[in-house]
Every structure is written in structure tokens, then in C-alpha cells.
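In: Need coordinates for the following:
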Amino acid sequence: MFAKRFLFFYFKRIRSKQQTASYQRKNDLNTAAIEAIVQDSHTFNLFRKPGMQKFLSLAVPGYRGPTRQTVVKRLKHMYKKHRSTVRHHFSTISDISLSADVCQSNRRYHFIRLSAHYYDDQYLLNSTVIAFRRFLGKHSSNRIEHFIINEIEKLNLQTKIRSLTTNNGYDIPSASQNKSIFGIRISCLIHMLNLIIRNGLWLFNTPKGKR
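Out: Numbering: from 1, shown residues only. Prediction:
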């Protein structure tokens with residue numbers, strides 16, 4: 001009787017350890033897969049596509065990869081952790097220059113990017129993207145200004161901004177006129193050079209005719 005009970009608990013313990021190891025292995029693979037998605041800018045459902053599923057069945061039998069829902073959940077946690085790290089890092093920086101840009105995708109979605117540029121203790125120039133989001137609704141100068149101020153306040157950078165570099169479109173320059181918040185506004189030299197070359201070579205966009 002004692003021997004049977006001993007064997008029962010012994011194999012139960014082994015099975016428990018195997019399940020724990022299997023869960024940890026899956027968790028490690030999911031972490032590596034999500035980091036690959038972020039680093040290479042893949043779609044969230046990359047590892048559930050047919051071709052990838054076929055590859056995983058041969059490379060890692062039994063592992064199917066993270067679902068889109070798992071990726072989204074993990075990214076939210078990673079984003080909060082990253083923001084906390086960035087906020088702590090900028091607490092040691094005294095002077096920061098910002099650059100802001102609004103761009104449009106092929107699907108006509110508008111995105112806004114905000115970057116910080118600064119020198120570290122070794123006097124090396126660093127550049128960090130502190131915000132990149134899809135801009136929903138009308139991208140007016142008031143809404144752009146509110147977005148930039150909101151991001152500055154989230155990272156506690158209110159007293160550290162010395163300048164803001166933007167392109168020469170209508171909305172962003174109008175949104176960056178408040179010197180008490182953004183410091184000096186600087187026009188992007190590369191954007192100006194691009195406009196000069198395009199105009200000099202007559203590379204104008206052809207207007208689309210009405211259907």
C-alpha cells in the first residue's frame with residue numbers, strides 16, 4: 001500500500017515538473033517571438049499564418065506561436081515598462097531638443113512622431129523616439145500642439161525643452177509657436193532642401209482627376 005502511494009506521488013511530481021518546464025519553454029518562445037515582431041516590424045499575427053505554422057511544426061513541434069491577442073497583451077506591458085525606463089532616464093538629462101513630424105501612410109492614415117535629441121554624460125549625441133501614434137481625426141495645429149504638450153508632461157520634460165524642429169507644412173509650425181513651452185522653433189533643413197530640389201527640377205505632384 002505504501003509503495004503504491006509513493007509511486008503515485010512520485011510520478012505526479014515528475015508530471016508537474018514536466019508541465020512547468022513546458023509552460024516556461026512556451027513562455028520563453030513567446031517572448032522571443034514578440035521581440036522579433038517588434039524588432040522587424042511584423043504584423044501581430046505573423047506566427048499564426050499558414051506558412052509560419054508549417055515552419056514551426058518542423059522547427060519546434062508542438063509550438064504554434066503567440067496569437068494576436070497575446071501579442072497585444074504583452075506589448076501593453078512592455079510599453080508601460082519602456083515608458084517608465086525612458087522617464088527615469090530623462091530625469092538625469094537637463095537640456096533636450098525635440099523634433100516632430102506628421103506623415104501619411106499608403107492607406108491615408110496620419111501618424112505623428114516625436115523624438116528627443118540630447119547629449120549624455122560622455123557628450124555623445126543621442127536620439128530617442130518618445131512618441132509615435134496614429135493621429136485620429138483632423139490633424140489641426142491645436143490638436144498637434146495639445147498632443148506634444150501631453151507627451152512632454154507625461155515624461156516630466158516641461159523645464160528641459162530648448163527647441164522644436166519641424167517641417168514647413170502648415171499645421172506643425174503653427175502648433176509650435178509657444179516659445180515658453182517648446183523653446184526655439186527650427187525648420188528642418190532636409191525638408192527645405194527636398195522642396196528646393198523638387199521645385200528646381202519641376203517634380204510636382206500631378207493632381208488626380210475627378211472620377
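
In: ok, which stretches of this protein are strands?
Out: For the chain, the strands defined by DSSP state E occupy 96-104, 110-119, 125-134, 161-166, 184-187.

In: Serialize those to a markdown table and add fields for distance to Ala36 and mean pLDDT.
Out: (C-beta placed from N, C-alpha, C; glycine too.) Below are the strands of the chain laid out as a markdown table (distance: least, C-beta to C-beta, whole Å; pLDDT from 0 to 100):
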| stretch | distance to Ala36 | mean pLDDT |
| --- | --- | --- |
| strand 96-104 | 25 | 88 |
| strand 110-119 | 23 | 91 |
| strand 125-134 | 19 | 90 |
| strand 161-166 | 32 | 91 |
| strand 184-187 | 37 | 85 |
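
In: how about the ones you listed in CSV, adding distance to Leu201?
Out: Formatted as CSV, the strands of the chain follow (distance: least, C-beta to C-beta, whole Å):
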stretch, distance to Leu201
strand 96-104, 22
strand 110-119, 27
strand 125-134, 30
strand 161-166, 24
strand 184-187, 21
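
In: nearest to His42, of those?
Out: strand 125-134 (16.5 Å; C-beta to C-beta).

In: which strands and helices sit next to the closest one?
Out: Applying 3 or more C-beta pairs under 8 Å, 6 or more residues apart in numbering; DSSP states H and E, one finds that strand 125-134 contacts strand 110-119, helix 141-154.

In: re earlier: format the strands of the chain as TSV; extra columns: mean neighbour count.
Out: Shown next, in TSV, are the strands of the chain (neighbours: other C-beta atoms under 10 Å):
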stretch	mean neighbour count
strand 96-104	19
strand 110-119	17
strand 125-134	13
strand 161-166	20
strand 184-187	13
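
In: so which of these comes closest to Ile34?
Out: strand 125-134 (17.9 Å).

In: Let me know how buried Asn156 is, in neighbour terms.
Out: Residues lying near Asn156 (other C-beta atoms under 10 Å) number 12.

In: Could you report the distance from it to Ser84?
Out: 12 Å (C-beta to C-beta, to the nearest Å).

In: cool, Leu98 as well?
Out: Leu98 is 20 Å from Ser84, by C-beta to C-beta.

In: residue ranges with poor pLDDT in this structure?
Out: Judged by pLDDT under 70, the chain has its weakly predicted residues at 1-21, 169, 204-211.

In: one more time with 80
Out: By pLDDT under 80, the low-scoring segments of the chain are 1-21, 23, 104, 137-139, 168-173, 188-192, 194-196, 198-199, 202-211.

In: domains in it, as residue ranges please.
Out: Under the assignment automatic domain parsing, the domains of the chain span 2-77, 95-200.

In: Of these, flag the one that's most buried.
Out: domain 95-200 (a mean of 14; mean count of other C-beta atoms under 10 Å).
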